[in-house]
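Novice: Let me see the structure of the following:
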Amino acid sequence: MGTRPNRFRSDPCAHGVQIGYAIGRCDEAERPPDGVDPIESTEALVRPAERQTQRQVLDELEVLVAGEGLAELTMAEIAAEVNCSLRTLYGISPSKDELLLTVVDRRLHRIGRKAHEALDASLSALDALRAYLHAVNEAVQPTTVSFARDFAGLPGAKRLLDAHEGPDPFFLYLHFMDVHEYAAPPEFKNFGGGQEGTYLAAIRWVDDVLQRVRERLDREGLSARTVMIFASDHGEAFGENRTHGHARNVFTPVLHVPLLIRFPFSTGPVRVHTQVRNLDIAPTVLDIAGVDILEDFEGESLLPLIAAPGGQPDRPSFAALGAPILVGAVEQVSVNDGSWSLARNLDEEGREFLFERALDPQEDANLVDLEPAAAQRMRAVLDAHLSVRARSDTRATNVRIDPKIAERLRAVGYLQ
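Specialist: As a prediction, the model looks like this:
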């Protein structure tokens, strides 16, 4: 789920501004040792008398970059602005582009060190995670418009900006209908025939597309500041509870879906066995960004589970299937607390189904009459949820949809 924190390593070839280092040199012989600030290595090449001057110049350059910027200035004008000689300036970097990268690199190293200093032993795992995230967010935010303009002028940064306009954060939503339609190119259809083999081929195809998205983010230098989330709105039944497909019921086999999060900082793979919900995604994103979670959110951040993956109770999930449109479908509601699931048909009979997940993951044996205590407990949870009225502003009538948006929704099957 995570990768090493390139933005905070001392190796300039793996640093957070590595896209800019493609402009200059990055040979093995020129790498400073791990743990050494790149500017320290640069200063080692000049006479000791100039070392303090370079530090002072770099401090002034940071102020200049954050203020009016370097885009309109020549090296001579920059030297005049920071009150140093051209020799001192060229001793730091051989060109204006590399000078800007050196300043950015130095700033990111300093913020990275502060982030690691914040992770002392007195902090809980969750507090340490949030402290680190706060420092990362600070590090990747463009300082000023001038800074963004300067960085945009670098040849190496142009590739980054091709992915999205300007320095602002971006949100990319990719909706894959391929698995929904069992669609995949012929070269991925090597999982056997039948519905299940075709379904697996579609999953493999989407996996290949996501790999290319990830590789593009890596090439554009965006991985170190991007959160990637993979989720699904439903699964598929292949004989569980004697049903196939989806949109026929809200039993667990069509509700239990993967949720993967790749963070923009280093963490070992963590598998959270606690049951969570898609409605936990939005508060998690806000928590990662350091934004207060809205009080009326039903979901909860997942960060506490990642910090302590085995110490939290399962989160109850609810599902509903409205007016049936497929043969064999039934209008139904359900609740799942991680151990038990209860489903209820919304017809005159109101038949209920109770399943124990650990012993019957395919939900073939209805225990509603054999486990009355569990049935009553789950029934109370479901009834309490159904008794809550929806907010008035979540429903609207006479809604007009933009024709272009309607066409897109129609293309993916959400409008007739």
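
Novice: domains of the protein?
Specialist: 6-162, 227-411 (automatic domain parsing).

Novice: Where does the prediction get shaky in the stretch 1-150 of the chain?
Specialist: Applying pLDDT under 70 to the predicted model, the residue ranges of the stretch 1-150 of the chain that meet it are 1-52, 71, 108, 112, 114-121, 123-130, 132-150.

Novice: Mind doing that once more with 50?
Specialist: Low-confidence regions of the stretch 1-150 of the chain, defined by pLDDT under 50, span residues 1-51, 142-146, 148-149.

Novice: Counting neighbours, what do you get for Ala307?
Specialist: The burial count assigned to Ala307 is 18, neighbours taken as other Cβ atoms under 10 Å. In this view, the C-beta of every residue, glycine as well, is placed from N, C-alpha and C.

Novice: go on, Asp97?
Specialist: With neighbours defined by other Cβ under 10 Å, the count for Asp97 comes to 20.

Novice: would you say it is within a helix?
Specialist: Yes: for Asp97, which was evaluated using DSSP: H, G, I helix; E, B strand; the rest coil, the result is membership in a helix.

Novice: gap between it and Met75?
Specialist: Plainly put, Asp97 is 11 Å away from Met75 if you go by Cβ to Cβ, to the nearest Å.

Novice: how about the helices in the stretch 201-350 of the chain?
Specialist: Using DSSP state H, counting those that start in this stretch, the helices of the stretch 201-350 of the chain run over residues 281-289, 303-307.

Novice: Tell me which of these approaches Leu174 most closely.
Specialist: Between Leu174 and the helices of the stretch 201-350 of the chain, the tightest spacing by Cβ to Cβ is seen for helix 281-289, at 14.4 Å.

Novice: quick one on the thing from earlier: and Glu220, which of the domains of the chain is closest to it?
Specialist: Ranking the domains of the chain by their distance to Glu220 (criterion: Cβ to Cβ) puts domain 6-162 first, at 4.8 Å.

Novice: For the residue nearest in space to the middle of the chain, list the residues it contacts.
Specialist: Central residue check for the chain by Cα atoms, centre = their mean: the C-alpha nearest the mean position is that of Val227, 2.4 Å away. In this structure, Val227 makes contact with Ile261, Arg262, Phe263, Pro264, Val285, Ile288, judged by Cβ atoms under 8 Å, 6 or more residues apart in numbering.

Novice: And Asn241, by the same measure?
Specialist: If a contact means Cβ under 8 Å, 6+ apart, then Asn241 has Asn249, Phe251, Pro253, Gln362, Glu363, Asp364 as its contacts.

Novice: Of the residues you listed, which is the nearest to Arg377?
Specialist: Nearest to Arg377 out of the contacts of Asn241 is Glu363 (Cβ to Cβ; 17.8 Å).

Novice: what's the neighbour count on that closest one?
Specialist: If you count neighbours by other Cβ under 10 Å, Glu363 ends up with 23.

Novice: Find the nearest non-adjacent residue to it, please.
Specialist: Computed as Cβ to Cβ, 6 or more residues apart in numbering, the closest residue to Glu363 that is not its neighbour in sequence is Phe355, at 4.2 Å.

Novice: Tell me the strands beside the host helix or strand of the one you found, with direction?
Specialist: Here Phe355, judged by DSSP states H and E, is contained in strand 352-356. For strand 352-356, sheet partners with direction are given as strand 340-345 (antiparallel), following DSSP bridges.

Novice: quick one: the strand it pairs with to chain centroid distance?
Specialist: If you compare the mean C-alpha spot of strand 340-345 with that of the full chain, they lie 32 Å apart, counting by Cα atoms, centre = their mean, to the nearest Å.

Novice: Only the C-alpha atoms, please, for stretch 235-246, written as PDB.
Specialist: This file holds the C-alpha atoms of stretch 235-246, laid out as PDB (Å, rounded to 0.1, in the frame of the first residue of the first chain):
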ATOM      1  CA  GLY A 235     -19.600  -7.400  -6.000                       C
ATOM      2  CA  GLU A 236     -20.900 -10.400  -8.000                       C
ATOM      3  CA  ALA A 237     -22.600 -13.600  -7.000                       C
ATOM      4  CA  PHE A 238     -21.500 -16.900  -8.600                       C
ATOM      5  CA  GLY A 239     -23.900 -19.400  -7.000                       C
ATOM      6  CA  GLU A 240     -23.800 -18.000  -3.400                       C
ATOM      7  CA  ASN A 241     -27.300 -18.300  -1.900                       C
ATOM      8  CA  ARG A 242     -28.200 -19.900  -5.200                       C
ATOM      9  CA  THR A 243     -28.000 -16.600  -7.100                       C
ATOM     10  CA  HIS A 244     -25.900 -15.200  -9.900                       C
ATOM     11  CA  GLY A 245     -24.900 -11.700 -10.800                       C
ATOM     12  CA  HIS A 246     -26.000  -8.600  -8.800                       C
END
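
Novice: could you give the mean pLDDT of that stretch?
Specialist: Averaging pLDDT along stretch 235-246 yields 87.

Novice: Kindly report the same for stretch 170-179.
Specialist: Along stretch 170-179, the predicted confidence averages to a pLDDT of 80.

Novice: lowest-confidence stretch among the helices of the stretch 201-350 of the chain?
Specialist: Note on these: lowest mean pLDDT is at helix 303-307, with a mean of 84.

Novice: isn't Leu260 right up against Phe230?
Specialist: Yes: taking Cβ atoms under 8 Å as the contact criterion, Leu260 and Phe230 are neighbours in contact, 4.3 Å apart.

Novice: gap between the closest residue to Arg377 other than its chain neighbours and Arg248?
Specialist: When the adjacent residues along the chain are set aside, Arg377 lies closest to Trp340, with 7.9 Å between them (Cβ to Cβ, 6+ apart). Between Trp340 and Arg248 the distance is 21 Å, computed by Cβ to Cβ.

Novice: Many thanks, we can stop here.
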